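> the following comprises the amino acid sequence and a computationally predicted model.
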Amino acid sequence: MSEKKKKVPGMAFLTPCRAAAIFLSAFLLAGIGAAVWAIVTFLIKPEDTGLYDVQVTSADLRLTVFDRTQDRWRFVCSSSSNELLANISCEEMGFVRALNHSVYSFLEGSNDSEDYFCVDVEQLTYGKKIREALSPCKCEIGQVLTVQCQDCGRRSLIVDRIVGGLDARQGSWPWQVSLQYDGVHQCGGSIISDRWIVSAAHCFPERYRHVGRWRVLLGSIYKAPTHNSVHIAEVQTVVFHSSYLPFVDPNVDDNSRDIAVLALTNRLQFTEYIQPVCLPTYGQRLIDGQMGTVTGWGNTEYYGQPSEVLQEANVPIISDAVCNAPDYYDNQITTSMFCAGYEKGSIDACQGDSGGPFVAQDTLSKASRYRLLGVVSWGTGCAMAKKPGVYTRVSRFLPWISSAMRTFENVPGMHKMSRT
């Protein structure tokens with residue numbers, strides 16, 4: 001008799017076809033598991049509201065802050081620090097300052113512990129996000145904070161030569177101003193409040209530091225007061241960044257921290273032609289490729305003449321990596337700057353546009369608003385290929401701007417201030 005071979009358990013069934021089927025099944029199960037995990041992760045991740053995390057409700061002006069741990073908006077409980085919180089929250093949203101604040105009483109029994117934030121006064125400071133000073137609470141006082149911020153970034157008029165640019169229309173860019181020394185245009189600037197203008201530090205070298213000889217022309221697309229909407233304001237205070245290195249050493253080739261603010265002698269009355277622009281929100285990032293608008297009265301070509309009519313041009317933001325490439329600016333772009341323009345050139349800011357605004361629209365505060373993302377700073381030539389305009393990154397200087405305005409509110413003259 002022949003001897004029967006013993007079966008090895010499982011081996012007789014593991015044919016090549018069955019092995020392939022097992023592998024395929026395992027692969028499909030792994031894929032399904034990964035898909036389920038991705039869906040769960042998507043469902044539990046913090047909500048992207050499309051809004052900045054600090055808001056004021058349109059109906060009743062209640063201050064709300066988004067709680068990303070619970071994916072919900074919370075009202076802020078009233079406290080002894082309401083005035084400070086109102087000012088700081090408006091600044092954080094890019095509105096520069098609070099016009100008014102009050103309290104809103106809610107009905108008894110509606111103070112769910114998950115609906116409110118209370119503030120830790122010791123943690124509440126300028127230049128720091130208010131979310132870091134808040135924690136969930138029951139708000140036993142029964143009142144929440146309401147805030148009215150200074151409006152900004154909106155044009156009152158319906159709007160249908162920077163190199164390659166177009167003539168602006170009256171009222172198109174109501175925050176644009178002309179900074180003039182002894183009656184001659186030197187730089188541009190941007191209105192951010194009824195008292196303050198943002199411009200570039202390099203507009204104020206030693207020969208231009210007699211504050212009484214500066215004037216600000218507002219409300220016109222012309223550098224000369226030829227329109228009945230024009231207003232000419234005296235300058236009381238100029239503050240420039242003390243770490244703008246060309247003022248420290250003329251041989252230094254670093255234009256970082258090219259920013260300044262000016263205080264007017266008298267407060268402005270806003271009109272259809274004179275309006276403030278919003279500042280960036282705290283932590284707002286620039287988006288590569290995002291289109292913005294640069295405006296000014298500078299030369300319409302490198303060896304040309306300054307424009308008599310305000311010019312506007314739309315240019316995209318260029319990534320730091322591209323702009324720091326050897327054939328662009330070869331690592332001259334620091335974290336306090338950004339580039340905007342086209343690889344081929346043809347559209348750019350030029351001499352005389354310095355200090356002027358680079359603005360872009362967003363809906364971070366619900367309504368569509370323009371924000372001052374950049375200040376015209378420097379560049380190689382004008383509209384040259386791979387040599388785009390370079391702008392001061394305003395979001396990097398929000399604490400500095402805030403501190404300068406508070407510190408020198410009533411201090412006339414020319415001042416320099418370091419980083420805060």
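Perfect, thanks for sending it. Residues are numbered from 1 along each chain as shown.

> make it CA atoms for all contacts and neighbour counts henceforth
OK.

> distance of Pro205 from Cys187?
Distance of Pro205 to Cys187, given as Cα to Cα, to the nearest Å: 12 Å.

> higher neighbour count, these two?
Neighbour comparison, Pro205 and Cys187: the larger count goes to Cys187, with 26 against 10 (by other Cα atoms under 10 Å).

> ok, what's across the strand from that one?
Beta-bridge pairing for Cys187 (DSSP bridges): Leu179.

> with the one 4 residues further on instead?
Beta-bridge pairing for Ile191 (DSSP bridges): Ile197.

> isn't it right next to Ser178, touching?
No: at 10.6 Å, Ile191 does not count as touching Ser178 under the criterion of Cα atoms under 8 Å.

> so between those two, which is more surrounded?
The neighbour count for Ile191 versus Ser178, taken as other Cα under 10 Å, is higher for Ser178 (30 against 27).

> who's in contact with that one?
Ser178 sits next to His185, Gln186, Cys187, Gly188, Gly189, Val216, Leu217, Leu218, Lys223 when contact means Cα atoms under 8 Å, 6 or more residues apart in numbering.

> over to Tyr244?
Ala201, His202, Asn255, Ser256, Arg257, Asp258, Ile259.

> and the helices in the stretch 101-250 of the chain?
With DSSP state H, counting those that start in this stretch as the criterion, the stretch 101-250 of the chain has helices at 245-248.

> got the buried residues for the host helix or strand of Asn87?
Using DSSP states H and E, Asn87 maps to helix 82-92. Buried positions in helix 82-92, judged by neighbour count with 16 or more other Cα atoms under 10 Å: Asn82, Glu83, Leu85, Ala86, Asn87, Ile88, Ser89, Cys90, Glu91, Glu92.

> so which residues make contact with that helix?
54, 96-98, 100-101, 124-127, 129-130, 145, 147, 149-150, 281-282, 402.

> make a ChimeraX selection of the buried ones in those residues.
To isolate the buried subset of the contacts of helix 82-92 in ChimeraX, counting by 16+ other Cα under 10 Å, use the following:
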select :54,96,97,98,101,124,126,127,129,130,145,147,149,150,281,282,402
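
> from the contacts of helix 82-92, which ones fall inside strands?
Among the contacts of helix 82-92, DSSP state E puts Val54, Ala98, Asn100, His101, Leu145, Val147, Cys149 in strands.

> could you identify the most distant pair in those?
Distance extremes for those: the farthest pair is Val54 and Asn100 at 16.9 Å, using Cα to Cα.
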